[in-house]
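Engineer: Build me a model:
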Amino acid sequence: MVRRCIGFFTLLMLTGLVRPAAAQVARGTVQEGHTIYSEILGKEVRYTVYLPYDYDTSTRFYPVVYLLHGYTDNDVGWIQFGEAHLLADEAIAHRTIPPMIIVMPDAGVSWYINNYDGSERYSVGHRG
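Structural biologist: Numbering: from 1, shown residues only. Down below sits the predicted model:
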């Protein structure tokens with residue numbers, strides 16, 4: 001999943017489908033500092049979300065993309081370093097991707113997998 005997301009945005013940049021627009025591009029919004037309780041992890045998990053420009057006025061359903069940060073990063077890494085929101089705005093404006101919601105959870109310093117000793121669990125059903 002992570003490779004697909006990284007590959008998706010890299011492909012858009014390399015092919016020139018995401019480029020500076022001559023006209024003003026409608027900008028989505030980034031909301032940082034949200035939390036949700038994870039029953040599996042047994043704690044609050046912080047997340048950042050990108051909402052497309054028409055989210056507040058539309059009644060449509062949006063696809064959702066989850067961007068997982070790297071090992072030592074956090075939920076705002078995709079915004080601060082990857083500028084995912086700006087890439088999404090440009091790609092939406094050029095109709096190379098549909099308007100979408102992008103969720104960026106904070107997994108702390110982890111690999112998004114269960115610890116060997118079961119002290120941190122990202123999935124249920126098996127250990128490891």
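
Engineer: now do the same end-to-end measure for stretch 103-118.
Structural biologist: 26 Å (CA to CA, to the nearest Å).

Engineer: same question for it, mean pLDDT?
Structural biologist: Averaged across stretch 103-118, the pLDDT comes to 86.

Engineer: Off-centre distance for it?
Structural biologist: Relative to its chain's centre, stretch 103-118 lies at 15 Å (CA atoms, centre = their mean, to the nearest Å).

Engineer: what's in contact with it?
Structural biologist: 45-50, 64-69, 71-72, 74-79, 84, 120-123, 127-128 (CB atoms under 8 Å, 6 or more residues apart in numbering). C-beta here means a position set from N, CA and C on the backbone, and glycine is covered the same way.

Engineer: Then stretch 66-81?
Structural biologist: With CB under 8 Å, 6+ apart, stretch 66-81 has contacts from 1-2, 5, 30, 32, 46-48, 50, 82, 84-85, 102-112.

Engineer: Put the buried members of the residues you listed into a ChimeraX selection.
Structural biologist: Of those, the buried ones can be selected in ChimeraX as follows, counting by 16 or more other CB atoms under 10 Å:
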select :5,30,46,47,48,50,82,84,85,102,104,105,106,107,108
